Structure formats: structure tokens, C-alpha cells
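> Build me a model:
(3 chains)
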Amino acid sequence: MNLELIVRVVDVRKVFGLVPVLDGVSLEIRAGEAVALLGANGAGKTTLLKILATLLRPTRGTATIAGHDVARAPEAVRPLLGVVAHGAWVYDDLTARENLKFWATLGGLDARADDVTAALAGVGLERAADARVRTFSAGMKRRLSLARVMLARPRVLLLDEPFAGLDQRARKWLEGRLEALKAAGAALLMVTHSFGRELGVADRLAVLAGGRIVLDTARGSLGADDVQRLYAAHAEDAL
Amino acid sequence: MVKTLGWVAAAALAAGLVMAFGVAPREVTQGNVQRIMYVHVPLILASYVAFVVLALASLVYLIRRDAGADRLAHASGEVGVMFVGLGIATGSIWGKPTWGAWWTWDARLTSVAILFVMYLGYLLLRGTIDDPERAARYCAVLGIVAALDIPLVHFSVYWWRTLHQPPSLMKPGGFTGSASILWPLLINLLAFVVLYAYFVARRVRLLRAEAEAAA
Amino acid sequence: MSYARRALTVAWKDLAVERRSKETLNALVFFSLLLLFVFQFTLGGDRERLAAVLPGVLWLGFVLSALLALGRTFLVEREHDCWEGLLLAPGDKSAIYLGKLAGNLALMLVVEALVLGLFVVFFDIDLGRALPGLLVVVLLGTLGLAAVGTLFAAMTANVRARELLFPVLLLPVQVPVLLATVKATEALLLGEPLGAVAHWVKLLLAADVVYVVVSVLTFDVVLEG
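Take a look at the predicted model:
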């Protein structure tokens, strides 16, 4: 496994007005590694994700991706990213296929028609491929977002609740794709407030509480219950 | 340094106003009201200086992302708008008894009014964006678009109308008024430019303090 | 070639969304009809007065429609959370600007053709020989409005009081375009040849070049975040 350090967060602070949301967060993710970031709602997980996605600037501290500072060189960072955040990035009046083609072309990718069909099939949307997204459920839109990211084959994946709203088949598919991306050297950050399936993909677990990382450990063979206990213990301490 | 600027501005302004209202000759046809010109013209010209500085500072900001350049643009915009507003007001006060109207849509007045509204928009944009870094970027772009638009505004309005007092200070042939009018005018011009610089310096200082407090 | 493809895909996307939802187009069509009625009620009776104010009224209609259309440029991105997608799109963002500009231009020209047609029919105007010159002026003027309008729409897309700020920023900057188009239209409708308004046309050309170049150069900065 490649041990190159891809994502490096060093003592990042983020203040909104007078409220410090992140208060000295440090985290590292290597190539081929997946980190699951746990935390309660409002703990700042999404804020950290947005900083890494170059959508927010840290108030203090630095975050680099593949050596590029996300605040100073966002243009160098963006082509490396695959982001699935709360917004689905879908145009309701276009079909699923058209949406994928649009984002792929905008991203400068040379997405052939079969790639698009394969991506749609992978998330279980092949039958809805030519239906307008307006008719999709929230879960289907989420799957379309994932298909969009998979098409791009990014070096760093930033995922906000990636498994939410997926059925069994889609979850299995996503696990497989994430593992494949890890094997190809991508670094993954999965942000979640539950202890579900993403743990299977994660190599490390981190807990964000009180604006800091209070636990950063290898997942090893910890099961969901163990994780829940650990989380409760550390999150309580921090508050 | 800023304090010195303040004293120089106060001194120059005092000298200028004394000359304008005491020393300069009473205009034959217009009477004492004409003395407002010694304040009106420098206000407008100083506001032009303000907007040139705004445009240049905006350009510097876009190239170098220097927060100081942004603060300079911001302060310059504020002082500039104030000077234009006062310039328009003094112009109206001069105009009503002299030419019978508070306002006309001749080329010069129209251009200045458009300038005023454009830079009010600049301040409005600043006011509505909370994120200081985004505000700096957007205002820099707006500042440059507005600055490049000025020549276009000038020509289009000029071709549309021409009624204003032909420019006496910046006519190609040179100033044709007498020396007793020229000197008070120049001193007041200097005074208002120094006053502009003083206001901008103080405002920039305040902006920098605010930025440092927020960090 | 990727730049051109990206610009084209943005233009295609906007036109496809518009063609299917017809939201903006419907709003603009109804708005134009409304304007027509208002102008008729306030000006219709006196033919001479109408002829005198026609250029101004026509361009007033165009500008108000433009404000409506341009102000909505990034509405679809905002409503569907796609704004972040545009921000994170790699490469030169000015391709997005040109795509949006092309889409806006197409939409505005369609609406202007409709408004002009309505005016000709309902106010019984004879365009005759003025038409070619008029088309040139309308095209150049619309490009000027759309060029700055698209840039400012991006700047105000996520700002408080967007609906108010957008026209406040756009209109003063567009004064040269407004003056040039109205004056040129006036002369053309009086039967003057295009050559007689050459200086206005040149001003419009200069303005268009300045606006498009500055927007292309600064769009990256606006879409940084």
C-alpha cells in the first residue's frame, strides 16, 4: 500500500463570527487510506469537509492536499477532488444521463457514453437513466451524485454521509467502488454521525468533538458496538 | 504621520477658505454665491482622485490579494462618495440662484450623477457581503468594471448633451480666468486632496484595526 | 478544445433547462405583454407622441426584460445546490461565463424579437428600411447588457437583497449602452441610414469589447467562492 501523505490538516481553526466551530483540528490521510470522521450534529464535520473542499477558508492553521494549500492554491486542489456533500448537484429538468454528461464535460473529462451508462448501472439507476431528475427520490439523487464522483476517478474523496439513503444493493456497490478507489491510491474522508456500513471501508476512525479531534485510531477489528462505546466515552469527555 | 496630515489639511483648508471667501474678488454677475465654486470644483476633482485610487487599489488587490490594497479601495470609495455627494450639493446651491435650477441633465452633471450612483452601488455591495475576503474580491471586480466604464459614460453623455460651463481649468488652451481666481482655486484643490488623504488614512487605520480584532 | 466544449456544455445545459421548464421564457413573455398594455394605456392615443417616445419605450421594455432574465441567470444553480459544483469545476471558469453569456444572449434576443414584433403589430409601426440597422443596434446593445449582466448576476447570486442589488449595480454601468441604443434607434426609425449613427455603433462595439474582455478576465475571481 502506498504510504504517501495526501491530506494534511494542521491545527485548523474556523470561527464563524464569534463562534469557534473548529478549534485546532489536525488530521492526516494517506494514499489508499479511508478515514471515517464521527461527530454529533453541529460538531463541525461538514465545516472541516468544506475547508478541505476549498469551499471555506480556515481562520487559522493550514490544510494541504497533495502538497497544495487549500486556501492559497484552491485551483490546484480542485481537479483532485471528488465531493459528495449535502447538495446533490443535479438539475431537475435534465435526465440522469444528461446530468452526468454535463458534470463530466464541465470537469474536463472525456466521458464516453458507455462510461456514463456503466456509472448509472453501478448505482442502480440504469432504468431511470433517461428520466428527468425532477421525478427522483432523495435517495436516487444521492446515488446520482455518487455516480458523478465515480466517473471522475478523483485522488481525494470527500464524502458527507455517503451511505445514507442507499438500499442494500447500492451499499454493496458503493463499498466495492470505494475499496477499488482505495486500492488505486485515493484518499477518502467519510463524514458521518452514525456507525453504519462506512466503518467497513474505513481504515481509521476519528472523533470530532468540542472543535478538536479527540480520538484517532485504527479501526482494526472494532465492531459497531465497540465504536459506539468509544465514541460515547470520548465525545462525553470533550464536552 | 496621519496626525500631521490632519494638521496640514486643516491649515490648507483654512487658508483656502479664507482666500475663497475673503481674498478672491466678488464675481460681477453672479455675486457672492459664486464663491461656492472654490469648494464645489475641488470637491469634484478630489473625488476623481478618490476614484482613480479606488480603481488602482482594486487592480492591485486582484493581482496581489493584498488586504491593505482592499482597505485603501474601501476607504477611498467611502470618502469619494462623500465628496461627490457634497460636490453635487454645492453645485446645486450654486446653480439655483445663478442659473435658476437645482439640476439640469447636461453632460457634466449627468456624468457625475452616474459616477455617484455607481460608487454608491460599490458601497452597497460591500455592505451586503459578510465574508470580508469575498467582499474584497467582488468589490475589486466592480471597481475595475466601473473605472473602465467611466470613459464610455463620459463620451456617451457628452455626445448626448453639452450645456455645462466649459471646463476652465482643464481646457486645452490653458486657464483663462485671472490669477486672483486661480490661486484660491488651486489652494482649495490642494486642501481638499489633502483632506481626502487624511480621511482615507484614518479610515484605513480603522479598517485594519477591525480586521485584526476579528482575526 | 476542452475550453470550448465546457463553454458549449454550459450554454447547452441552460438552454435545455429553459426549453423544458420554460420558467424564464414564460415570465418574460407575460412581462412583455404587460408592458405592451401599460405603454398602450399611457401613450397609445396620440400617434405623434408615441412616435417621439417609441425608441425610449422600446428599449425600456428590452432593459426591464433583461433585468428579469439576467437576474435569474444563476437561479437554477442556486435552487438545485449546483453552485458549489460550478465553484469546484476545475479549469478556467471563464468558459462557464461564455456559456452563460451565450445562453442569456439567445434568450434575450428571442424575447426582444417578440417585443419588437408586438410593438410593430399593436402600435402599427413601419420598420421598413430601418430593420437591418435596427438589428445591428439591438444585437450590439443586447450583448453589452448581457455581458455585464452575466458577470454581475454571478456576483450577486449568493448575496442578501440580490433582487435589489443586481439592478442597482447594473443600470448605472449600462448608461452608455442605453444612450447609444436609444439614440441610434431614434435616428434609424426617422429614416437615417446606419452610417449616420456610426459613432453610436462604434461606442457600442467598444463597450461590448471592454465588457466581455473584463468579464472573461475576472470571472475566475468571482467564482472562487
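> which residues touch residue B:161?
B:105, B:106, B:107, B:110 (CB atoms under 8 Å, 6 or more residues apart in numbering or on different chains). Using the backbone N, CA and C atoms, a C-beta is placed for each residue, glycine as well.
> Okay, buried residues for the helix or strand residue C:104 falls within please.
Using DSSP states H and E, the element containing residue C:104 is helix C:94-122. Buried residues in helix C:94-122, counted by 16 or more other CB atoms under 10 Å in any protein chain shown: C:94-105, C:107-109, C:111-112, C:114-116, C:118-119.
> which residues sit in contact with the residue in chain C positioned nearest to chain A?
Nearest to chain A in chain C, going by CB to the nearest CB, is residue C:81, at a distance of 2.8 Å. Going by CB under 8 Å, 6+ apart, residue C:81 touches A:86, A:87, A:88, A:89.
> near chain C, which of those show up?
The subset of the contacts of residue C:81 within reach of chain C, by CB under 8 Å from any CB of the partner chain, is A:86, A:87, A:88, A:89.
> Name the pair among those with the greatest separation in space.
Between any two of the ones next to chain C among the contacts of residue C:81, the greatest separation by CB to CB is 10.3 Å, found for A:86 and A:89.
> out of these two, which sits in the busier spot?
More crowded of residue A:86 and residue A:89, by other CB atoms under 10 Å in any protein chain shown: residue A:89, with 24 against 13.
> Show the pLDDT at that one.
With respect to pLDDT, residue A:89 scores 87.
> what's near enough to touch the closest residue to it other than its chain neighbours?
Nearest residue to residue A:89, sequence neighbours excluded (CB to CB, 6 or more residues apart in numbering or on different chains): residue C:85, at 4.1 Å. The neighbours of residue C:85, taking CB under 8 Å, 6+ apart as the test, are A:87, A:89, A:103, A:106, C:77.
> Swap in 10 Å and give it another go.
Contact partners of residue C:85, counting by CB atoms under 10 Å, 6 or more residues apart in numbering or on different chains, are A:83, A:85, A:87-91, A:102-103, A:106-107, A:145, A:148, C:77.
> Show only the entries of those residues found in strands.
Judged by DSSP state E, strands contain the following of the contacts of residue C:85: residue A:83.
> Closest to residue B:88 out of the contacts of residue C:85?
Among the contacts of residue C:85, and counting by CB to CB, the member closest to residue B:88 is residue C:77, at 39.2 Å.
> For that closest one, report the pLDDT, please.
We have a pLDDT of 88 for residue C:77.
> count of neighbours near the closest residue to it other than its chain neighbours?
Leaving aside its chain neighbours, residue C:77 sits nearest to residue C:83 (4.6 Å; criterion: CB to CB, 6+ apart). Look at residue C:83: counted by other CB under 10 Å, it has 21 neighbours.
> tell me, how many neighbours does the residue in chain A that chain B sits nearest to end up with?
Closest contact between chain A and chain B, by CB to the nearest CB, is at residue A:57 (6.6 Å). Using other CB under 10 Å, residue A:57 is surrounded by 17 other residues.
> surely it meets residue A:51?
Yes. Residue A:57 is in contact with residue A:51 according to CB atoms under 10 Å; the separation is 7.2 Å.
> Noted, bye for now.
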